[in-house]
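[1] next comes the sequence, and after it the predicted model I'd like to discuss.
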Amino acid sequence: MKRLFGGKDIPAEKFPVTHTDEEWRQRLTPGQFQVVRKHGTERAGTSPSNAEKRAGIFACAGCGKALFASDTKFESGTGWPSFFQPLAGAVGTTEDRSLFVTRTEVHCVDCGGHLGHVFPDGPRPTGLRYCMNGIAMTFEPTQKP
């Protein structure tokens with residue numbers, strides 16, 4: 001099976017975590033399925049993840065892969081959770097030409113789930129803004145001893 005990523009077909013077998021569409025529908029809410037598997041976008045300002053300020057890890061809603069540490073999150077004013085850097089080896093990118101402009105799509109390296117896009121207008125130290133769909137992620141707060 002192939003899944004479409006930013007106008008390119010990427011074989012599903014490229015990812016270590018694969019499921020049929022029916023299995024994904026059982027694992028994800030309808031909103032998560034639309035964003036993560038069908039490359040949708042949640043409405044700006046609707047995700048509780050945007051207001052999340054606690055220490056912890058943002059993980060892929062599809063497979064649980066840890067994606068971003070909370071200390072890389074910043075307020076971008078866009079209405080979506082934004083980060084200046086993913087965890088090492090957590091995300092992949094592909095070229096996205098779906099809106100008549102070229103953007104860089106961000107996906108989970110384990111399941112290929114669509115997370116959002118990365119832009120070159122973020123803060124230091126990377127100068128990048130990983131603009132993520134909050135619904136595509138879960139949040140696990142850091143446990144205090």
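    On my side now, so go ahead.
[2] drop to CA atoms for contacts and neighbour counts, all remaining ones
    OK.
[3] next, name the residue at the spatial heart of the chain.
    Most central residue of the chain, judged by C-alpha distance to the mean C-alpha position with Cα atoms, centre = their mean, is residue 115 at 2.1 Å.
[4] relative to residue 25, how far out is that residue?
    In this view, residue 115 and residue 25 are 17 Å apart by Cα to Cα, to the nearest Å.
[5] still on that earlier bit, the residue nearest to the centre of the chain contacts residue 136, doesn't it?
    Yes. In this structure, residue 115 sits in contact with residue 136. The criterion is Cα atoms under 8 Å, and the distance is 5.7 Å.
[6] hang on, the earlier thing: could you pull up the contacting residues of the residue nearest to the centre of the chain?
    Contact criterion Cα atoms under 8 Å, 6 or more residues apart in numbering gives 35, 36, 60, 105, 106, 107, 108, 132, 133, 136, 137 as the residues in contact with residue 115.
[7] the fourth one: neighbouring residues, count only.
    By that I understand residue 105. Residue 105 is flanked by 24 other residues according to other Cα atoms under 10 Å.
[8] before we move on, which element is it in?
    When elements are assigned from DSSP states H and E, residue 105 belongs to strand 103-108.
[9] who's in contact with that strand?
    Contacts of strand 103-108 with the rest of the structure, by Cα under 8 Å, 6+ apart, involve 5-6, 60, 65, 67, 90-97, 113-119, 130.
[10] that older thread, intersection of neighbour lists for residue 115 and residue 136?
    Taking Cα under 8 Å, 6+ apart as the contact rule, residue 115 and residue 136 both touch 35, 36, 60.
[11] in this structure, which ranges drop under the pLDDT threshold?
    Under the criterion pLDDT under 70, the flagged ranges of the chain are 1-13, 99, 144-145.
[12] that one: helices as residue ranges?
    For the chain, helices defined by DSSP state H occupy the ranges 21-27, 30-32.
[13] go through those and pick out the most buried.
    Per-stretch averages of neighbours, counted by mean count of other Cα atoms under 10 Å, single out helix 30-32 among those, with a mean of 18.
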